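Engineer: I'll drop the sequence and a predicted model, then ask my questions.
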Amino acid sequence: MGGYEEIFSASVSDRERFWLEAAGALDWHKAPARVLDDSRPPFYRWFPDGELNVCHNALDRHVEAGRGDEAALVHDSPVTGTKSVYSYRRLRDEVAAFAGVLRGLGVGTGDRVVIYMPMVPEAAVAMLACARLGAVHSVVFGGFAARELAVRIDDAEPVVVVSASCGIEGSRVIEYKPLLDAAVGMASHKPEKNVILQRPQARAELSERDVDWASACSAASPAAPVPVKSTDPLYVLYTSGTTGKPKGVVRDSGGYATALTWSMANVYDVGPGQTLFTASDVGWVVGHSYIVYAPLLAGATTVLYEGKPVGTPDAGQFWRVASEYGVRSMFTAPTAFRALKKEDPEGAFTRGYDLSELKYLFLAGERLDPETYRWASELLGIPVIDHWWQTETGWPIVANPAGIELLPLKPGSPTRPLPGWDIQVLDGDGKPVPPGTNGAIVAKLPMPPGALPTLWNDDERFLSSYMSAFEGYYLTGDGGYLDEDGYLYVMGRTDDVINVAGHRLSTGGMEEVLASHPDVAECAVIGVADQLKGQVPRGFVVLKSGVDGAAEGYASRLQAELVQLVRDQVGAVASLKDVAVVTALPKTRSGKILRKAMRNIAEGTEEPVPSTIEDPAVLDALRPVLRKE
């Protein structure tokens, strides 16, 4: 098979041959003879004459190969105290039945279905049922406010909305049906029907528009997979934090299935009969790619977990899941591990579980600070692999390819670009910068299979958002640098680079230093407008459990230590003199810290709080600190 250098070179020297061979891992209704349609750049299309069905590839082909009794999906819900295992045959049958329900409600190839569900197996069933029919699903994070659901309904114009009576957030039961009803009331587009899964924690009152999930499935005739073009959309996923008209990332069928299947073996080192535990949500791209589609395409077992890393009921749940299901690779966000470190600094909960099957921990979704990397590495004694990708790309851009070979790990770097990704760092004029120099991270076109071909019904916005800054390149929106060895360092969104008295400084670099302090569980640094220096950094830190932040003189002593650390490691030019101890940092539900919202409040320019915020009360509590009231 060859090592990383050989495989990466093959993907560059003969791109079409490389991806055609990768596509050979799938069942095609009509095998592609043409690999890449590059007739209308930057609108590239992969395998344009190929036809397939993604659901058939995820389920039916494994059953037909004699693996129907093997575990496909494990549902583990500590918040409800329930567990269940779905074999490939059972999951195929339930998906076929629900596809029959959707077909009976008028859903056909190319029609849209909005899915507004908690972390239950039926969420994956609904997604795969849409794929089975060639319909386009759009999953909206369960519990989103009614207005946010309404704007997505208006943009996607679904025939049907699939939802549940409730979701569970920690100890809170959130009733979805009133939110859905309010959203449909606000929306200009009216779906013809809602299918509602009744959960025992809160049953919903159904109206004439509503269909009961269980009753409909019991009466449905199963639907067979419908072949679609490789270039037909599989789903639309709206990026988080949007205001006004949402930005719908389109995902094609054949290119995406090819890239995900390749990544399971080569990046995550997980194959048939092995288990991937991705602790995320089906509402995010990580959930689409690595809870639902990729593990099933690979014939592996996927764990769909309904709970939190801590508090449901304790900080040992990830270890329990890994132990019970023999997890080989685990994937979550760095913020989840910072939560574990805060609650269980010594990692005591790991001692009660057998983690001998766990070979890798993958982290993504935000920068992995070296302190969290160190803590997780020492605790687990396995490779902790930072990797970098985006909603738009669908699968990792830069990673340590565990299934090919483990490259030397460098804390702070997600390692090197994966095959198909030509990653460069450019200055403001679009010229490559020397190694070690910060700039805009871009991907040379065409991007590999799996990346977005455009935005839903908005080619112009696709061009203006991603393709117009540097001709021939996709603008990632992230800044950073490549080192002499070709390792990428992602220092944060380009608007997280601040200008202090003419010096461009990365807030990510300062966060790295703050996080290295033994008392700090997590932190954020923002740049705030300053009349003299243009911008000055302000730091906010959350303390680890067991640290007495109220002790006399502690706060001022800690601030002095943190300021000195930054001065020693970044330099006096950083001008970080203001560090506040806070109880929590405001985050999206996917774990990203809301630095922009914090900066706006600090500068007195209030803007709408992002719809993806996990707990608005955290931001409210922080407001006086940000404003220095």
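Structural biologist: Okay, I see it. Residues are numbered from 1 along each chain as shown.
Engineer: packing partners of the helix or strand G100 falls within?
Structural biologist: If you go by DSSP states H and E, G100 is part of helix 88-104. With contacts taken as 3 or more Cβ pairs under 8 Å, 6 or more residues apart in numbering; DSSP states H and E, helix 88-104 sits against strand 71-77, helix 121-133, helix 213-219. Any C-beta I mention is one placed from the backbone N, CA and C, and that applies to glycine too.
Engineer: relative orientation of the following helix or strand past it and helix 121-133 in degrees?
Structural biologist: Where DSSP H and E defines the elements, the next helix or strand beyond helix 88-104 is strand 112-116. Taking axes from the mean of the first three to the mean of the last three Cα atoms, to 10 degrees, one finds strand 112-116 and helix 121-133 inclined to each other by 170 degrees.
Engineer: what mean pLDDT does strand 112-116 get?
Structural biologist: For strand 112-116, mean pLDDT is 98.
Engineer: which other residues reach it?
Structural biologist: Residues outside strand 112-116 that contact it (Cβ atoms under 8 Å, 6 or more residues apart in numbering): 102, 107, 123, 126-127, 130, 135-140, 142, 144, 149, 152-153, 156-164, 176, 179-180, 191, 236, 282.
Engineer: pLDDT of the helix holding G100, averaged?
Structural biologist: Here the average pLDDT along helix 88-104 is 98.
Engineer: by contact count, what packs against the helix or strand containing G509?
Structural biologist: Using DSSP H and E, G509 sits within helix 507-515. Packing partners of helix 507-515 (3+ Cβ pairs under 8 Å, 6+ apart): helix 370-380, strand 488-493, strand 520-530, strand 534-543, helix 554-569.
Engineer: circling back to that earlier point, of all the helices and strands packed on helix 88-104, which one is nearest A58?
Structural biologist: helix 121-133 (6.3 Å; Cβ to Cβ).
Engineer: I'd like the next helix or strand past the closest one.
Structural biologist: strand 136-139.
Engineer: ok, E306 - contacts?
Structural biologist: Counting by Cβ under 8 Å, 6+ apart, the residues that E306 touches are H75, D76, S77, P78, V79, T80, P118, M119, V120, I168.
Engineer: let's see 6 Å
Structural biologist: S77, V79, M119 (Cβ atoms under 6 Å, 6 or more residues apart in numbering).
Engineer: I'd like to know how many residues surround the first one.
Structural biologist: Right, the one you point to is S77. 19 (other Cβ atoms under 10 Å).
Engineer: ditto for the one 3 residues further on
Structural biologist: As a burial measure, the neighbour count of T80 was computed by other Cβ under 10 Å and equals 16.
Engineer: pLDDT score assigned to it?
Structural biologist: Value listed for T80 in the pLDDT field: 96.
Engineer: now Y293
Structural biologist: 98.
Engineer: what's the spacing between it and T335?
Structural biologist: 24 Å (Cβ to Cβ, to the nearest Å).
Engineer: what of N266?
Structural biologist: Distance from N266 to T335, by Cβ to Cβ: 26 Å.
Engineer: and for H387?
Structural biologist: Counting by Cβ to Cβ - H387 and T335 are separated by 15 Å.
Engineer: swap in R103?
Structural biologist: R103 is 40 Å from T335, by Cβ to Cβ.
Engineer: neighbour count winner among those two?
Structural biologist: It is T335, of R103 and T335, that has more neighbours when counted by other Cβ under 10 Å, with 22 against 19.
Engineer: so the more buried one, which state does it fall into?
Structural biologist: helix (DSSP: H, G, I helix; E, B strand; the rest coil).
Engineer: now swap in A182 and tell me
Structural biologist: Going by three-state DSSP: A182 is helix.
Engineer: for it, which non-adjacent residue is closest in space?
Structural biologist: In this structure, A182 finds its nearest non-sequential neighbour in A146, 3.7 Å apart by Cβ to Cβ, 6 or more residues apart in numbering.
Engineer: verify the contact between the one you found and D181 for me.
Structural biologist: No. The criterion here is Cβ atoms under 6 Å, and A146 misses it with D181 at 8.2 Å.
Engineer: what is the burial count for the closest residue to K444 other than its chain neighbours?
Structural biologist: Distance criterion Cβ to Cβ, 6+ apart; nearest residue to K444, sequence neighbours excluded, is D422 at 3.8 Å. Residues lying near D422 (other Cβ under 10 Å) number 16.
Engineer: quick check: phi and psi at D422.
Structural biologist: phi -100, psi 90 (degrees, to the nearest 10).
Engineer: ok, it touching V442?
Structural biologist: No. Judged on Cβ under 6 Å, D422 makes no contact with V442 at a distance of 9.1 Å.
Engineer: how far off centre is stretch 192-207?
Structural biologist: If you compare the mean C-alpha spot of stretch 192-207 with that of the full chain, they lie 28 Å apart, counting by Cα atoms, centre = their mean, to the nearest Å.
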